[in-house]
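Chemist: Based on what follows, work out the 3D shape:
(one chain, ligands or ions: 1)
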Amino acid sequence: MLIYIDGEFLPKAEAKVSVFDHGLLYGDGVFEGIRSYNGRVFKLDEHLERLYDSAKSIMLQIPIPIETMKETVLETLRRNHLSEAYIRLVVTRGVGDLGLDPDKCPKPSVIIIADKITLYPQKFYEEGLEIVTVSVRRNYSEAINPRIKSLNYLNNILAKIEGKQSGAEEVLMLNAEGYVVECSGDNIFWIKNEVLVTPPVHMGILEGVTRNSVIDLARDAGMRVEERVFTRHDLYIADECFLTGTAAEVIPVVKIDQRAIGDGQPGKVTEKLIAAFRQFAHSCGTPIYATEA
Ligand code: PMP
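Modeler: Residues are numbered from 1 along each chain as shown. Next up is the predicted model:
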């Protein structure tokens with residue numbers, strides 16, 4: 001495996017960062033998780049835009065232009081002969097001293113790892129997930145805005161730990177006001193009377209690339225989609241529920257806090273959206289390898 005670090009492609013064993021990198025010392029940096037299907041990178045421009053937006057928000061100047069980054073992501077995939085891949089793109093604040101001051105870090109580091117994708121077991125798509133609400137609240141937007149995909153993921157990790165303690169694969173997170181916002185690594189949707197609902201981004205969620213694609217696909221299919229505030233009660237009495245994320249794609253939820261959602265089986269609309277998303281993801285994207293003329 002060849003890993004891109006700051007202009008070089010290095011074998012896995014040699015791909016290392018300094019112990020003085022503020023990405024390690026303070027979680028100071030940003031990242032993306034991207035996927036390729038069938039030799040094409042899904043929504044690469046959207047992921048890169050979110051990366052550069054996250055960096056801008058934390059006043060981190062990514063040392064290469066977005067076009068160069070795009071080409072470098074593709075080159076990393078080529079060097080590893082990958083077609084179906086999971087790409088982890090990381091930009092750290094770079095090497096500094098032991099203080100917090102980001103101005104002591106003159107050169108941010110860019111890391112691109114491209115690996116085979118680990119898929120969720122098929123069983124989850126057929127039978128659906130059971131999730132639970134955790135006591136850990138999603139970051140308060142004025143503290144660490146969840147819209148920033150930063151290296152500081154402790155909030156999500158603490159939620160994940162709590163979920164695992166009750167045997168849940170994914171967890172439901174509320175914001176400081178107690179409204180449903182998202183999961184530890186996925187966005188949430190529910191359906192009632194054929195209306196699809198998901199929280200708006202300003203409530204304190206990561207604006208998922210998969211989320212946005214699913215909203216578009218649902219609207220294209222003629223569904224009403226609402227981005228609005230809701231509570232756990234709305235979820236408990238929903239007809240259907242599902243999560244979205246780059247790794248998970250669209251995954252049904254059949255139980256929340258021990259309450260069966262709808263009839264306790266993956267819903268019909270959810271199943272249609274799973275199929276529509278898969279078809280869409282396999283039929284578009286930036287080609288990794290030169291296409292035939
Ligand atoms: N919310 C959080 C907190 C995430 O980390 C992620 C990405 N794993 C998502 C939602 C889903 O975003 P995307 O569809 O862009 O992968």
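
Chemist: Backbone dihedrals for whichever residue of the stretch 1-150 of the chain sits closest to the ligand, please?
Modeler: Of all residues in the stretch 1-150 of the chain, the one sitting closest to the ligand is G33 (5.4 Å; C-beta to the nearest ligand atom). From N, CA and C alone the C-beta is placed, and that goes for glycine too. Main-chain dihedrals, G33, degrees, to the nearest 10: phi -120, psi 120.

Chemist: Would you state the strands of the stretch 151-293 of the chain in chain order?
Modeler: For the stretch 151-293 of the chain, applying DSSP state E, counting those that start in this stretch gives strands covering 171-174, 180-183, 187-192, 195-198, 224-227, 240-245, 249-256, 259-260, 286-287.

Chemist: picking up where we left off before, the residue of the stretch 1-150 of the chain closest to the ligand reaches Y86, doesn't it?
Modeler: Yes: G33 is within contact range of Y86, at 6.8 Å (criterion: C-beta atoms under 8 Å).

Chemist: Could you pull out the residues contacting both of the two?
Modeler: Here G33 and Y86 have 246-247 as joint contacts, going by C-beta atoms under 8 Å, 6 or more residues apart in numbering.

Chemist: Report the beta-bridge partners for the residue of the stretch 1-150 of the chain closest to the ligand.
Modeler: Taking DSSP bridges as the rule, G33 bridges to R88.

Chemist: List the contacts of it.
Modeler: Residues counted as contacts of G33 (C-beta under 8 Å, 6+ apart) are 86-88, 246-247.

Chemist: For those, which single residue is the most surrounded?
Modeler: I87 (25 neighbours; other C-beta atoms under 10 Å).

Chemist: Grab the nearest non-local neighbour of it.
Modeler: Distance criterion C-beta to C-beta, 6 or more residues apart in numbering; nearest residue to I87, sequence neighbours excluded, is I34 at 4.2 Å.

Chemist: tally of neighbours for that neighbour?
Modeler: So I34, with other C-beta under 10 Å, has 24 neighbours.

Chemist: Is it in contact with D45, as I believe?
Modeler: No: applying C-beta under 8 Å, one finds I34 not in contact with D45, separated by 10.7 Å.

Chemist: tell me which parts of the stretch 151-293 of the chain are close to the ligand?
Modeler: With C-beta under 6 Å from any ligand atom as the criterion, the stretch 151-293 of the chain meets the ligand at residues 156, 182, 185-187, 206, 208-211, 244-246.

Chemist: follow-up on the earlier one: redo the strands of the stretch 151-293 of the chain as JSON lines? Include mean pLDDT and mean neighbour count.
Modeler: Listed next are the strands of the stretch 151-293 of the chain as JSON lines, based on pLDDT from 0 to 100; neighbours: other C-beta atoms under 10 Å:
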{"stretch": "strand 171-174", "mean pLDDT": "98", "mean neighbour count": "24"}
{"stretch": "strand 180-183", "mean pLDDT": "98", "mean neighbour count": "27"}
{"stretch": "strand 187-192", "mean pLDDT": "98", "mean neighbour count": "23"}
{"stretch": "strand 195-198", "mean pLDDT": "98", "mean neighbour count": "20"}
{"stretch": "strand 224-227", "mean pLDDT": "98", "mean neighbour count": "13"}
{"stretch": "strand 240-245", "mean pLDDT": "98", "mean neighbour count": "26"}
{"stretch": "strand 249-256", "mean pLDDT": "98", "mean neighbour count": "23"}
{"stretch": "strand 259-260", "mean pLDDT": "98", "mean neighbour count": "13"}
{"stretch": "strand 286-287", "mean pLDDT": "98", "mean neighbour count": "14"}
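
Chemist: Brilliant, that's me finished.
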